[in-house]
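Q: model this:
(2 chains, ligands or ions: 2)
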Amino acid sequence: MNRFATLIDRLAYEPRRNAKLILLRDYFASTHDTERGYALAALTGSLSFKNAKPALIRTLVSARTDPVLFGLSYDFIGDLSETAALIWPAAARPHDDVPEHPSLSTVVETLATLGKAELPNRLAAWLDALDETGRWALLKLITGGLRIGVSARLAKTAIAALGPHAPDAIEDVWHGVSPPYRELFAWAEGRGPRPEHSDPAPFRPVMLAHAIEDSDFDTLDAKDFVAEWKWDGIRVQAVSAADEDGRIVTRLYSRTGDDISNAFPDLAEALAGINAAIDGELLIIRDGAVQDFNTLQKRLNRTAVTAKMVQDFPAAIRAYDLLFADGRDWREAPFGERRARLNQIVREHGSARLELSPLVPFGTWDELRAARRDPAALGADAKAIEGVMLKRADSAYLPGRPKGYWYKWKRDPFTVDAVLMYAQRGHGKRSSFYSDYTFGVWRTGPHGDELVPVGKAYFGFTDAELRQIDAFVRRNTTNRFGPVREVTHTPDEGLVFEVAFEGLSRSTRHKSGLAMRFPRIARLRWDKPPREADRIDALETLADGAAMRLAVPSETDERIIE
Amino acid sequence: MRAYRASIPAGKAYLWGMRPTDLLKVLPEGLYCPSADVFIDPVRPVARALITHGHSDHARAGHGAVLATPETLAIMSVRYGANFAGSTQAVGYGESVTLGDTKFRFVPAGHVLGSAQILVEAGPLRIVVSGDYKRAADPTCAAFEVVPCDVFVTEATFGLPVFRHPPLSDEVQKLLHSLAQFPQQTHLIGAYALGKAQRLMALIRQAGYEKPIYIHGALENLTRLYQAHGIDLGEIRKISPGDGALAGEIVICPPSAIQDRWTRRFADPITAFASGWMRIRARARQRGVELPLVVSDHADWDDLCRTIQETGAHEIWVTHGAEDALVHWCHVQGLRAQPLHMVGYGDEGEAEPPLAQESGLL
Ligand SMILES: [Zn+2]
Ligand SMILES: [Zn+2]
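A: Ligands and ions are numbered 1, 2, ... in the order given. Modelled structure (predicted):
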């Protein structure tokens, strides 16, 4: 447990992806089999512990500490697991009776069989044996609070770094292996055979698109491409097949390979028996109309799936592509062939929950440009469309983000002129720069016009622009709060940003009542006095009128994924 | 800002009639001994001051006469210039001075070079003003000595039971391990200029690290002073423009510099910070620290409690820090205890500037 604790403690503070990778790789390379296997399971979210609830931790700590001191400490720290880990007093015992540190394997294997009644004593004994970091890691692990900024994909990339295989190859076998992953490590280190899929419905790494640049249209020939709508839902992979005993297994995966079937049992049931692996977009489709992302978000926000929710927010898939069917891997086939077979499968299945995503007809780039501008003219559900996808008609389905095959051509973003109000230091390479910006727009306040914050952005600018903004922040600081600086923002003095964003919706969690999706700095408007920045009314109209979406991992939100 | 309290509620009457609150009073300037007409660590200029140690919240410039250990006087003159006070008098460890009918003795506090507790004696009544102190090992200063007393005046910087400082060797190993794992990156460590920085250097040397340690210019004078006092810190180099990116090297700088533009010269620096506050994850994160090193020059909770017990004091006055928890603990132990609510201390050594409640911004 101690080495695992040290690892996640270090990972939790480390902002750099590459450094995380090195920390993970070194840990996996220097830790013995069972232990590293459970560590991998913990990092990829493949472990869960039913009985360890925060209330139990509270009870255990209360039994050992003065309640006033516990209360003051909890107030000071604000996190139960961390408070418990730090305040936990060692039980009095003779010096030669030092308890042995539990290994991660011991913890995982013991908890798998331990009865609920035995848990408190066992947990207390472990807490006695561990140091502060070990206790913190243990409590975070068993209460499911292990959020340390490591994606499943990053963990698998670290496994790949142990030997000759690519991360996608690890991904390919991932769903056929299970904790503690002995055969996976053996293969990854070049010591054993490739683990065979025992899972009839494995995840296959998805193919991703590049954003198209204006200059690409000069070199790409419209005749080589087909286009389809890019729906604003959740990119999923639906897989259903029978196992050796003829039992049908159906799974829904996110694009990073997380199994999300439990959140959509209605959809999984409707897809049972398709006997294929399909790439598509999960959407809420009510009375034949695709609902906007905000509506999908309402279903995503619930933890428990109720019958009412299933009825109110019926989930369906618009299918884009075919990866596996008829006992064969279709990924090598050209898009046109895959699409034709996909069409048949969807038709034969005959469920309203599975539709073929229509192609967008076009002959020239200009025709496609027109279609993208006005999807409704082609009968599409315009408010759930975030642009078009271009796919080379002859391209195979290639995992990752290969260049030259698929392009996304998103709808133009919305923009607003907003005033910089606060700046915060960045992390890692940017830690000496004020690189995270809170910006606001004007509204009428009790004492006249005032700025209200409407969003935060930390990219979109060039390195040169970052240096300019950083210098501006330092010269125009009006107040400091730790790592945050308040920056001059009067009608006449301040810095105006042109902020681009993907959507806007009403939100009670924000001071302005609005939540902005995927904001970034499009331009610095040194020429514009703050008084000429936009007013909140314009944004409110947009939020209420247009079809709006809210931040959840989509293909564009890279940073949320990793 | 909380107002100081001008009086300490009456303690029990002592044998010869003097109460502790007669011997020491809390005034706006700091703790005051009327019978000797002297303040201890006053926060405003006064005619005569006893100074426990050189941290800037305890040792200020502009007093008439200053009595302190020779090391503390040397630190003050490095920081404030030779004319930091009208006159100075050095009082070594174990020595006493008598002012009026009150005797003051300086005893090592183990906090930083020259740091002292001050034993105030009037007849049979003994009050120990401990200043800032720690019990953990420190190769750069004399170790804390327990002085039996009636009233113990203590700080409570880390006065919550969540603060138990880990073994120092673990923290130094964390640093050395990271250097081995990330040899292309500069390891930039924020550490307070007086005490922490030099102690860290000494600890790194104890762990067997022999390469030069680089320092920010702001640390130079105090570090040279430590070396002049015979403390072996190995090769310490002030950074010069020709040093380049210092990949794989250790650089120590004041905390205010760890995120300064100054850091851009280094090779993708890993930001470390040596402080007892690094125990708290949110604190480390707020400061953008990637490698928190829990190294403190203050007593942790266990040592605060242990020290109170070992002094045998039956009355405890808590000067600054997390007073509530420590006062509560004293009451549970059956000890009389008071927070003094003294304003102006929050050690440069380890106090934290207030941080914005981020949620208030958006
Ligand atoms: Zn101090
Ligand atoms: Zn202090």
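Q: Identify the spatial nearest neighbour of B:Ala257, chain neighbours not counted.
A: Spatially, and ignoring its direct neighbours in sequence, B:Ala257 is nearest to B:His216 (5.6 Å; C-beta to C-beta, 6 or more residues apart in numbering or on different chains). No exception for glycine: its C-beta is placed from N, CA and C like everyone else's.
Q: cool, and A:Gly45?
A: That would be A:Ala152: by C-beta to C-beta, 6+ apart, it lies 6.6 Å from A:Gly45.
Q: Contact partners for the one you found?
A: Going by C-beta atoms under 8 Å, 6 or more residues apart in numbering or on different chains, A:Ala152 touches A:43-45, A:256-258.
Q: roughly how far apart are it and A:Arg369?
A: 38 Å (C-beta to C-beta, to the nearest Å).
Q: Show me how the chain divides into domains.
A: Picking chain A for this. Domain assignment for chain A, taken from automatic domain parsing, gives A:2-142, A:210-410, A:414-543.
Q: that's the other chain; I wanted chain B
A: Using automatic domain parsing, the domain parsing of chain B gives B:2-162+B:297-339, B:168-293.
Q: Quick one: closest of those domains to A:Ala418.
A: domain B:168-293 (25.2 Å; C-beta to C-beta).
Q: ok, now which ones touch residue 207?
A: Assuming you mean chain A. By C-beta under 8 Å, 6+ apart, the residues touching A:Met207 are A:279, A:321, A:397-402, A:405-406.
Q: try again with chain B
A: Applying C-beta under 8 Å, 6+ apart to B:Ala207 gives the contacts B:169, B:172-173, B:176.
Q: Bridging across strands, which residues link to the closest residue to A:Ala384 other than its chain neighbours?
A: Using C-beta to C-beta, 6+ apart and skipping the chain neighbours, the partner closest in space to A:Ala384 is A:Val290 (4.0 Å). Taking DSSP bridges, one obtains A:Ile285 as the residues bridged to A:Val290.
Q: isn't A:Val290 right next to A:Asp381, touching?
A: Yes. Between A:Val290 and A:Asp381 there is a contact under C-beta atoms under 8 Å: 3.9 Å.
Q: who's more crowded, the two?
A: More crowded of A:Val290 and A:Asp381, by other C-beta atoms under 10 Å in any protein chain shown: A:Val290, with 26 against 20.
Q: What does the pLDDT read for residue 258?
A: Defaulting to chain A. Confidence at A:Asp258, expressed as pLDDT, is 79.
Q: not what I meant, chain B
A: 87.
Q: what's the neighbour count on it?
A: The number of residues near B:Ile258, taken as other C-beta under 10 Å, comes to 24.
Q: Test my guess that it contacts B:Leu291.
A: No. Between B:Ile258 and B:Leu291 there is no contact under C-beta under 8 Å: 10.8 Å.
Q: which residues of the stretch 351-500 of chain A fall in helices?
A: Assigned by DSSP state H, counting those that start in this stretch, the stretch 351-500 of chain A shows helices spanning A:365-373, A:463-475.
Q: So which bits of the shortest one are buried?
A: By 16 or more other C-beta atoms under 10 Å in any protein chain shown, the buried positions in helix A:365-373 come out as A:365, A:368, A:371-372.
Q: Would you reformat the residues you listed as TSV and include distance to B:Arg237 and pLDDT?
A: Converted to TSV, the buried residues of helix A:365-373 look like this (distance: C-beta to C-beta, whole Å; pLDDT from 0 to 100):
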residue	distance to B:Arg237	pLDDT
A:Trp365	61	93
A:Leu368	63	92
A:Ala371	66	88
A:Arg372	61	88
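Q: Neighbour-wise, which one of the contacts of B:Ala207 leads?
A: B:Val172 (21 neighbours).
Q: Backbone dihedrals for residue 247, please?
A: Answering for chain A, as no chain was given. Here is the backbone geometry of A:Arg247 (degrees, to the nearest 10): phi -80, psi 130.
Q: from the contacts of A:Met207, which single one is nearest ligand 1?
A: Comparing the contacts of A:Met207 against ligand 1 with C-beta to the ion places A:Arg401 closest, at 54.4 Å.
Q: which residues touch that closest one?
A: By C-beta under 8 Å, 6+ apart, the contact set of A:Arg401 is A:207-210.
Q: Among those, the buried ones, what's the PyMOL command?
A: In PyMOL syntax, the buried subset of the contacts of A:Arg401 is picked out as below (16+ other C-beta under 10 Å):
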select buried, chain A and resi 207+208+209
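Q: out of the contacts of A:Arg401, who's nearest A:Phe70?
A: For the contacts of A:Arg401, the closest approach to A:Phe70 (C-beta to C-beta) belongs to A:Leu208, at 48.4 Å.
Q: So that closest one sits against A:Tyr407, correct?
A: No. Between A:Leu208 and A:Tyr407 there is no contact under C-beta under 8 Å: 10.7 Å.
Q: Which helix in chain B has the most residues?
A: Longest helix of chain B, by residue count under DSSP state H: helix B:168-181.
Q: Averaged pLDDT, that helix. What do you get?
A: On average, helix B:168-181 scores 96.
Q: same check, this time on stretch B:146-153
A: For stretch B:146-153, the per-residue pLDDT averages 97.
Q: isn't A:Val68 right next to B:His328, touching?
A: Yes. Taking contacts as C-beta under 8 Å, A:Val68 lies within contact range of B:His328: 5.2 Å.
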